[in-house]
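**Q** Quick check, what structure comes out for this input:
(one chain, ligands or ions: 2)
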Amino acid sequence: MVPETNPSVSTRFFDTKIELLKGVGPQKAALLNEELGIFTFGDLIQHYPFRHEDRTVFHQIRSLNEQLSAAQIRGRLKEWTTIGEGSKKRLVAYFTDGTGLLELVWFQSIAWYQKNLRANTEYIVFGKPLYFGGRWSITHPEIELVTPENESGGYWQPIYPLTDKLRKRFVDSRSLSRMVRNLLEISRPHIRESLPENLVTKYRLISKADALWNFHLPQSQQWLHQAQRRLKFEELFYNQFRLIKNKLLHKTEYPGMVFGNAALVKTFYDRHLPFQLTNAQIRVLHEIHEDLKTGKQMNRLLQGDVGSGKTIVAFITMLFALDNDAQACLMAPTEILADQHYQGLKKFADLLGVHIAKLTGSTKKKDREIIHKQLLDGSLHILVGTHALIEDIVQFKNLGLCIIDEQHRFGVAQRAKLWAKNDRIYPHMLVMTATPIPRTLAMTLYGDLDISAINELPVGRKPIKTVHRYDAHRISVFGFLREEIAKGRQIYLVYPLIEESEKMDLKDLMDGYESVSRSFPEVPLSILHGKMKSQDKDYEMGRFVRGETKIMVATTVIEVGVNVPNASVMVIENAERFGLSQLHQLRGRVGRGAEQSYCILITDYKISKDTKLRIETLCRTNDGFEIAEVDLQLRGPGDMSGTQQSGLVDLLVANLAQDGEILKVARSCAEEILTEDPDLLQPVNQPIRTHLQNLRTEETNWGRIS
Ligand code: ADP
Ligand code: MG
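**A** Numbers count the residues shown, from 1 in each chain. Ligands and ions are numbered 1, 2, ... in the order given. So this is what the prediction gives:
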């Protein structure tokens, strides 16, 4: 026998196949594999409950009240009978605990209950009590015989994520928690403390073993809370630890080009700056310039609200590269955005005689060949494009800076592909986000980057006034639009377009267009929606941009890539159907000129509480950072734009909408440890080493595939 080299013993225990657990067996194991991806002991112990039912007390029928979300009652079944016909047919059983009578009602599986229920036998029932016609009842209660295990109550029942198939095969939260109990009972000697002792003490965390036990089967609500706190801390600590480690690795291992010369930058500053930079722009440029001088590779995130002026910051950063015989590229997620960036940057580039080109999927072969050639001989300085520019055939003479505009997130893999475009030295990397993202999300999604934020709009820009109006006020809204048109302004009128109900939405848009043309017979209109041919779209857009049409009736296709400074009113119909960030994005289409701009959100009278909060938030503030925070609270991190597909915020326990404080502490702990003991040589940090090794083996655990 090979002697065990200490702690890895535990890992092997958690690699044990699930069918070897008491109470599981091959058939259930196959179900758990297929339905929940549970293959090993380790998988089961990490299949966490999402809530717990209070089974601590037995309620008395006499003292039930309708505020109870659920009640647990111990008593006897007296008799039962079926009532009604067809879809109304139900089984009603009469149940008493000596203090009153309770009706148990089943619409389904009637025959099964008729056959299996036993009269005058003690049961425990659980469900939501309702009071109707002088009687208490529970529909489809959970019902089980009294056993030594449950007879005294006093426990919290974990509720697990399950599937229909599992339920049909009688695997429910109950049976799952029994399996977990069996597992926990044999696990104790194998559960190792995975955090350094000094952290556990300092933050008064409970032990890993206690946490696992109490997260599944809490002794009390306090213990449950402590278990969650401990596991959240650990999860966020390791999440941050790996990100920061990666960041430091780049700082220490990879040299960066030193951009010491700044001749073009200076010329641009002295002669061509089209406006005075805001303090925020200056600060951010300073942060970037510091990075570029160090000789370390820059990996920085640039956040800034719509209209905060990211383009000029991007351009000046590019000039630093050009000043030092290096090239720069900018990658955007869509053709429209790539084009917008190209147009914006070209204006500046032309002032300096800097050579810039655009490369997208629709670039013609001939033009493409020229671009490839000029990139290689160095005569092309800046390349703007879509992901077309990460293709292998695109090679640079000396790429020194990559800027990525992430409206939807590009993966880390794509970042790596861009780095590899220079085989001598990694180019510097600047990632821009089109809209601000909440702090917690930024820390987990971009925790391996340094972060800069432009948190100020250019001066002289009047904050957009946002108001909420109901459908019924349309006449007065139209009156206001008429006044604005008379003053020479232009207007956007936007309708939602949701893919599932595209036909209906399109009808809304057409109806809206008709009603606008009836109300404004003398005003030239444009219309724009995704179903139009792209040349028709360009034509309509062109007319609006030139001011030939005054109202643009459109779907959300205008969300990106439109800049019409004279448009000063944004009317959003059915505003309840848009997400908060999307409304903010749309609103950002106005407020680009010198005039006072307005955003009018129109909804039905009846709106939900969430909608009300969304609308109130927009009416209160123009601050994209604040809006992003509210959006996160409302929707949770999973649904925030762009993060859903990425699956990158892969957290089992922690919730980025709620656990910001824990995240902050966990991050600073990780930072401190990595600064003081980067190679984890101190004995106190041994648990981190071991845990990271285990995480790695889990990631390469091929065993579960076979
Ligand atoms: P975004 O951050 O949304 O990309 P842009 O870079 O497109 O913003 O800038 C929005 C508008 O504001 C542009 O018309 C730009 O020329 C202008 N702008 C940017 N910075 C300033 C500034 N410091 N002063 C005045 N106008 C500015
Ligand atoms: Mg921009």
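**Q** from the middle of its chain, how far away would whatever helix or strand Leu176 lives in be?
**A** Taking DSSP states H and E as the definition, Leu176 sits inside helix 173-187. Taking CA atoms, centre = their mean, to the nearest Å, one finds the center of helix 173-187 at 32 Å from the center of the full chain.
**Q** Of all the residues in that helix, which ones are buried?
**A** When neighbours are counted by 16 or more other CB atoms under 10 Å, the buried residues of helix 173-187 are found to be Ser173, Leu176, Ser177, Met179, Val180, Arg181, Leu183, Leu184, Ser187. To be clear about C-beta, it is placed using only N, CA and C from the backbone, and glycine gets the same treatment.
**Q** just stretch 538-552 next, same as before
**A** In stretch 538-552, the ones that count as buried by 16+ other CB under 10 Å are Glu540, Met541, Phe544, Val545, Thr549, Lys550, Ile551, Met552.
**Q** Turn these into JSON lines, including distance to Thr147, pLDDT and secondary structure.
**A** Formatted as JSON lines, those follow (distance: CB to CB, whole Å; pLDDT from 0 to 100; DSSP: H, G, I helix; E, B strand; the rest coil):
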{"residue": "Glu540", "distance to Thr147": "72", "pLDDT": "88", "secondary structure": "helix"}
{"residue": "Met541", "distance to Thr147": "71", "pLDDT": "85", "secondary structure": "helix"}
{"residue": "Phe544", "distance to Thr147": "73", "pLDDT": "91", "secondary structure": "helix"}
{"residue": "Val545", "distance to Thr147": "75", "pLDDT": "87", "secondary structure": "helix"}
{"residue": "Thr549", "distance to Thr147": "75", "pLDDT": "96", "secondary structure": "coil"}
{"residue": "Lys550", "distance to Thr147": "76", "pLDDT": "96", "secondary structure": "coil"}
{"residue": "Ile551", "distance to Thr147": "71", "pLDDT": "96", "secondary structure": "strand"}
{"residue": "Met552", "distance to Thr147": "69", "pLDDT": "94", "secondary structure": "strand"}
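**Q** so what secondary structure elements neighbour the longest helix along the chain?
**A** The helix that spans the most residues within the chain, counting by DSSP state H, is helix 221-253. In this structure, helix 221-253 packs against helix 208-216, helix 439-445, helix 660-676, helix 686-699, with contacts taken as 3 or more CB pairs under 8 Å, 6 or more residues apart in numbering; DSSP states H and E.
**Q** Can you check what angle separates it from helix 660-676?
**A** 40 degrees (axes from the mean of the first three to the mean of the last three CA atoms, to 10 degrees).
**Q** So Trp136 versus ligand 1, what's the distance?
**A** 60 Å (CB to the nearest ligand atom, to the nearest Å).
**Q** For that residue, give me the pLDDT.
**A** The model reports Trp136 with a pLDDT of 96.
**Q** what about it, neighbour count?
**A** The number of residues packed near Trp136 is 20, by other CB atoms under 10 Å.
**Q** Flag every residue of the chain that's near ligand 1.
**A** 275-278, 281, 304, 306-312, 344, 458 (CB under 6 Å from any ligand atom).
**Q** Can I get the buried ones among those residues as something I can paste into PyMOL?
**A** What follows is the PyMOL syntax selecting those of the residues of the chain next to ligand 1 that are buried according to 16+ other CB under 10 Å:
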select buried, resi 277+278+281+304+306+307+308+309+310+311+312+344+458
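**Q** mind giving me the domain ranges of the chain?
**A** If you go by automatic domain parsing, the domain ranges for the chain are 57-153, 263-293+309-433, 465-621.
**Q** coming back round to it: could you list which of the residues of the chain next to ligand 1 belong to strands?
**A** Members of those lying in strands (criterion: DSSP state E): Gly304.
**Q** Taking the residues of the chain next to ligand 1 together, which two end up most distant?
**A** Using CB to CB, the residues of the chain next to ligand 1 span at most 20.1 Å, a distance reached by Gln276 and Val306.
**Q** hmm, back to that, which of the buried residues of stretch 538-552 sits closest to Ile73?
**A** Met552 (62.2 Å).
**Q** distance of that closest one from ligand 1?
**A** Taking CB to the nearest ligand atom as the criterion, Met552 is separated from ligand 1 by 19 Å.
**Q** what does Leu248 give?
**A** Applying CB to the nearest ligand atom, one obtains 30 Å for the distance of Leu248 from ligand 1.
**Q** quick one: contacts for the nearest residue in space to that residue that is not next to it in sequence?
**A** Once flanking residues are discounted, Leu248 sits nearest to Leu674: 6.0 Å by CB to CB, 6 or more residues apart in numbering. With CB atoms under 8 Å, 6 or more residues apart in numbering as the criterion, the residues that contact Leu674 are Phe241, Ile244, Lys245, Leu248.
**Q** residue ranges with poor pLDDT in the stretch 1-150 of the chain?
**A** By pLDDT under 70, the weakly predicted segments of the stretch 1-150 of the chain are 1-11.
**Q** And the residue of it closest to ligand 1?
**A** Phe50 (38.6 Å; CB to the nearest ligand atom).
**Q** Present the buried residues of stretch 538-552 as a markdown table; the columns should include distance to Gly42.
**A** Rendered in a markdown table, the data for these read as follows (distance: CB to CB, whole Å):
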| residue | distance to Gly42 |
| --- | --- |
| Glu540 | 58 |
| Met541 | 55 |
| Phe544 | 59 |
| Val545 | 59 |
| Thr549 | 63 |
| Lys550 | 64 |
| Ile551 | 61 |
| Met552 | 56 |
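**Q** quick one: which of those residues is nearest to Ala30?
**A** Nearest member of these to Ala30, counting by CB to CB, is Met541, at 56.8 Å.
**Q** neighbouring contacts of the helix or strand following the helix holding Leu176?
**A** Read in the C-terminal direction, the helix or strand following helix 173-187 is helix 197-202, with elements assigned using DSSP H and E. Counting by CB under 8 Å, 6+ apart, helix 197-202 makes contact with Glu193, Leu205, Ser207, Phe237, Cys669, Val684, Pro687, all of which sit outside it.
**Q** Let me see the contact set for the closest residue to the third one other than its chain neighbours.
**A** What it means is Ser207. Closest residue to Ser207 apart from its sequence neighbours, by CB to CB, 6+ apart: Glu193 at 6.1 Å. When the contact criterion is CB under 8 Å, 6+ apart, the partners of Glu193 are Val200, Ser207, Lys208, Ala209, Pro687.
**Q** Next up, the contacts around the residue of the stretch 401-550 of the chain found nearest ligand 1.
**A** Closest to ligand 1 within the stretch 401-550 of the chain is Pro458: 3.3 Å, counting by CB to the nearest ligand atom. Residues in contact with Pro458, defined by CB under 8 Å, 6+ apart, are Phe275, Thr278, Gly307, Ser308, Gly309.
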